[in-house]
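Student: no letters, just coordinates:
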């Protein structure tokens, strides 16, 4: 008997019919002889709607109360799903994150898991029941308060449960048939990937691919959890995300041929700030980025121009989440006299395109082919960043879709038929 953890996202449990369809899938897995634990998200766009409602009653909602509000969505879906499973003749028990032993730090809105003690979940499974766990939420022993894990928290909940329970696999159910070479909503001819390394998936998630969240992939990689990303709307095999024992080998140590390019991701959630006219002397860049760190912003790409010989000044540009831009601009403006820069430029109309593939390590010419494809499409490049298996470029937001499609075609990733997106709004 295998223990499997299944996670169902908001589009998979968007309404009563969807919940009943998911319940049948869970019951089928249980009757096939598996022990089943399920992590579930809020129905449809419930979390976004609750967040909008909170901001209507309070422009800056109290973080503790916001977490109390947002966790209501998952509690609704877990209870309804348990009812639907019971209606099919299989015992089911629903648990909140705290009841399931999801222990976190005290950071409201973006808590991190520090321990998982799933005693009640284990007892339910041992007694033959399906355990349904509310995703996205936990409990802080420090404060005694309910916390939330941030966007993608239900994925992280599922992976953490799989690691703690020693599950054979963690199945992530979504509204597409697996992980694709690009977002099928943006690139209709995107091709489904059968197997991908956790290293490549980390890069794609960091670059804006939304099918899996980076924290969940990090957790799975750290704890050796195999992920199976698949559709809740059919029984097709999806995409296996595995951790290789070494480059060029699979999770069992067998040699595999890694594709040169696994996928192309796009990200429209970032802004660019340029600090113009920074004195080109030791310590200025360090001071700038210490201020940014104190503001709590995560920096992605950084570019520093060559110092102008006549002025001894340079420009430093960096990208960061749009939501962090204003606090960084304020922090830098307040320190303008100490830093000695001339002015700040803020640009929130950028898009980031990232090309990812483990095969880049051993194949030359990838950068040249990328830049040629963008040039042929008339796309101008503003910033460039690379890692061992990724190349990212920043361009204009209104050209990012054309850029992704052009690069996707240029690297031979197009499928013969269009991908199917079964549901969801993409919100």
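Tutor: Nice, thanks for sending it over. Keep in mind it's a predicted model, so treat the numbers as computed, not measured.

Student: tell me where this structure is predicted with low confidence.
Tutor: Filtered on pLDDT under 70, the chain yields the residue ranges 422-427.

Student: pull the longest helix from it.
Tutor: helix 63-87 (DSSP state H).

Student: show me what secondary structure element comes after it.
Tutor: As assigned by DSSP states H and E, the chain's next helix or strand after helix 63-87 is strand 92-95.

Student: so what strands line up beside that following strand?
Tutor: strand 130-134 (parallel) (DSSP bridges).

Student: give me the contacts around the strand it pairs with.
Tutor: By C-beta atoms under 8 Å, 6 or more residues apart in numbering, the residues outside strand 130-134 that reach it are 26-27, 30, 36-40, 71, 74-75, 77-78, 81-82, 85, 90-97, 100, 102, 120-121, 124-125, 157, 161. Heads up, the C-betas are built off the backbone N, CA and C, glycines and all.

Student: filter these to the buried ones?
Tutor: In those, burial by neighbour count holds for 26-27, 30, 36-40, 71, 74-75, 77-78, 81-82, 85, 90, 92-97, 100, 102, 121, 124-125, 157, 161, counting by 16 or more other C-beta atoms under 10 Å.

Student: which helices and strands sit right next to the longest helix of the chain?
Tutor: On a contact count with 3 or more C-beta pairs under 8 Å, 6 or more residues apart in numbering; DSSP states H and E, helix 63-87 meets helix 16-31, strand 35-40, helix 46-57, strand 92-95, strand 130-134, strand 137-140, strand 146-148.

Student: mind listing what's buried in stretch 369-381?
Tutor: For stretch 369-381, the neighbour count (16+ other C-beta under 10 Å) marks 369-371, 373-374, 377, 379 as buried.

Student: again but with stretch 305-319, I slipped
Tutor: Quick answer for stretch 305-319 (16+ other C-beta under 10 Å): 313-319.

Student: which of those residues lies closest to residue 188?
Tutor: Checking the buried residues of stretch 305-319 against residue 188 with C-beta to C-beta, the nearest one is residue 319 at 27.8 Å.

Student: need the contact list for residue 311.
Tutor: Neighbour list for residue 311: residue 277 [criterion: C-beta under 8 Å, 6+ apart].

Student: now swap in the one 4 residues further on and tell me
Tutor: The neighbourhood of residue 315, defined by C-beta under 8 Å, 6+ apart, consists of 274-278, 304-305.

Student: work out for me the element it sits within.
Tutor: Assigned by DSSP H and E, residue 315 belongs to strand 313-321.

Student: can you give me the end-to-end distance of stretch 180-188?
Tutor: One end of stretch 180-188 to the other measures 10 Å (C-alpha to C-alpha, to the nearest Å).

Student: if we can go back for a sec, export the buried residues of stretch 369-381 to JSON lines and tack on distance to residue 398 and secondary structure?
Tutor: JSON lines is the format used below for the buried residues of stretch 369-381 (distance: C-beta to C-beta, whole Å; DSSP: H, G, I helix; E, B strand; the rest coil):
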{"residue": "369", "distance to residue 398": "24", "secondary structure": "helix"}
{"residue": "370", "distance to residue 398": "20", "secondary structure": "helix"}
{"residue": "371", "distance to residue 398": "20", "secondary structure": "helix"}
{"residue": "373", "distance to residue 398": "18", "secondary structure": "helix"}
{"residue": "374", "distance to residue 398": "15", "secondary structure": "helix"}
{"residue": "377", "distance to residue 398": "13", "secondary structure": "coil"}
{"residue": "379", "distance to residue 398": "11", "secondary structure": "coil"}
